[in-house]
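Asks: generate a structure from the sequence data that follows.
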Amino acid sequence: MKILDEVRGRYGFALVGYVAMPEHIHLLIGEPAKGTPSTVLQVLKQRVSRALRKKRRKRGGAGQLELRFGNTQSALRQFRQRRFHDFNVWSRRKVTEKLNYMHLNPVQRKLVKDPKDWPWSSYAAYAGKGISLVRIDFRE
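Replies: The predicted structure is shown next:
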């Protein structure tokens, strides 16, 4: 989450929402002031991948990288996908639809019973029930 915030600062995009899942991440971002959304995601994936490899080397790990999310049984063996799926969001209704889809993803995957229980999400900020791990640029 720290790297996401750093990349946002460097490229100047609004972060409307996010959900980090064990093997992928959902981001709802605005157009960056610098670069393109493709550039932003490329840099984000590279920086996260480097940080994870560095962390593994410090621990003396060999073989495949495994990441665990909380108490879930899910282990991540490959962090980044080759491609991302983008979708242009033009209306408030679509913003709400995409945020709901993203925030319910951990529930649908049976990782938690309620989206408020998934800490790697902007849900708490929108629900007014806590602080997000990364500052959210709310869209009304």
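Asks: skipping adjacent residues, who's closest to residue 87 in space?
Replies: In space, and not counting its chain neighbours, residue 87 is closest to residue 98: 7.3 Å by C-beta to C-beta, 6 or more residues apart in numbering. Quick note: C-beta positions are derived from backbone N, CA and C, even for glycine.
Asks: by mean pLDDT, which helix or strand of the chain comes out lowest?
Replies: One helix or strand of the chain scores below all others by mean pLDDT, DSSP states H and E: strand 75-76, with a mean of 47.
Asks: average pLDDT across the helix or strand that that strand is followed by?
Replies: Once the chain leaves strand 75-76, the next helix or strand it forms, by DSSP states H and E, is helix 92-108. Averaged across helix 92-108, the pLDDT comes to 94.
Asks: contacting residues around helix 92-108?
Replies: 16-19, 21, 26, 28, 87, 89, 112-115, 117-118, 121-123, 126, 139-140 (C-beta atoms under 8 Å, 6 or more residues apart in numbering).
Asks: any stretches of this structure with poor pLDDT?
Replies: 56-85, 140 (pLDDT under 70).
Asks: biggest helix in this protein, by residue count?
Replies: Taking DSSP state H as the criterion, the chain has its longest helix at helix 37-58.
Asks: counting by contacts, list what it packs against.
Replies: helix 2-11, strand 25-29 (3 or more C-beta pairs under 8 Å, 6 or more residues apart in numbering; DSSP states H and E).
Asks: name the nearest residue to residue 21, ignoring sequence neighbours.
Replies: Leaving aside its sequence neighbours, residue 21 sits nearest to residue 105 (C-beta to C-beta, 6+ apart; 6.1 Å).
Asks: burial of the one you found, as a residue count?
Replies: Around residue 105 there are 17 other residues, counting by other C-beta atoms under 10 Å.
Asks: what's the answer for residue 115, then?
Replies: The number of residues packed near residue 115 is 21, by other C-beta under 10 Å.
Asks: wait, isn't it in contact with residue 126?
Replies: No. Residue 115 is not in contact with residue 126 according to C-beta atoms under 8 Å; the separation is 9.4 Å.
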